[in-house]
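Trainee: Quick check, what structure comes out for this input:
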Amino acid sequence: MQGIRLHKPAMTSQVPLALPTSLPTIIFQQPFIYQLPDNTAGQARVGRASASQPTPVVRQPIPIPILPKIPIPILPNIQPKTLEESSTRSQFYYMKRKVTDEEATGMQRKQYKRFKPIKCGKCGQERIAQTHKQYYGNWWCKATAVTSFEKWEEDFKQKGYNKKKIL
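Mentor: I've put the predicted structure just below:
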């Protein structure tokens, strides 16, 4: 659209606006007078018992029906189920697949030890209560410590470790 001048439309209307209308006036017979409530500041009474005594609640015991005694049959001793019978379907097929894999390769799965004792990072020994103590996340190791636990703890208290951190 180069070189062409377009006329901008005028922002005015060709038709004049209508005259403004006024709201209808209503004349009341009597003027409205608002009655304010009485001021009751400081007249509250606290802790006064009511004149009428409440009626006491009498609790009635609930009748419990007496049921006839039913003999309970004694079941024979039931032996625990084997792993295949007691496990879920997915566990059963998982174990079955592992057994067939072991038989096919001739290698047995490595048995993992479930619990490993926590070892000290300083001496490499197990962390037991007699030789290792903790104070606000810091570990004292008897094998590598230069000072006693009481002196070591006092040093941390002086550094400001004796209070919980406020987040």
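Trainee: Where do the helices of this protein begin and end?
Mentor: 83-86, 89-105, 149-158 (DSSP state H).
Trainee: winner for burial among these?
Mentor: helix 149-158 (a mean of 13; mean count of other Cβ atoms under 10 Å). Backbone N, C-alpha and C define where each C-beta goes, glycine included.
Trainee: okay, and for this protein, where does confidence drop off?
Mentor: Scanning the chain for pLDDT under 70 picks out 1-2, 47-54, 72-87, 109-114, 164-167.
Trainee: Where do the strands of it begin and end?
Mentor: 132-135, 138-141 (DSSP state E).
Trainee: what helices or strands is the last one leaning on?
Mentor: In terms of contact count using 3 or more Cβ pairs under 8 Å, 6 or more residues apart in numbering; DSSP states H and E, strand 138-141 is assigned the packing partners strand 132-135, helix 149-158.
Trainee: what's the burial count for Trp140?
Mentor: 18 (other Cβ atoms under 10 Å).
Trainee: pretty sure it is in contact with Gln134, am I right?
Mentor: Yes: under the criterion of Cβ atoms under 8 Å, Trp140 makes contact with Gln134 at 7.4 Å.
Trainee: Can you pull the residues that touch both of those two?
Mentor: Common neighbours of Trp140 and Gln134 (criterion: Cβ atoms under 8 Å, 6 or more residues apart in numbering): none identified.
Trainee: follow-up on the earlier one: could the helices of the chain go into a markdown table alongside distance to Ile66?
Mentor: Compiled in a markdown table, these are given as follows (distance: least, Cβ to Cβ, whole Å):
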| stretch | distance to Ile66 |
| --- | --- |
| helix 83-86 | 41 |
| helix 89-105 | 47 |
| helix 149-158 | 67 |
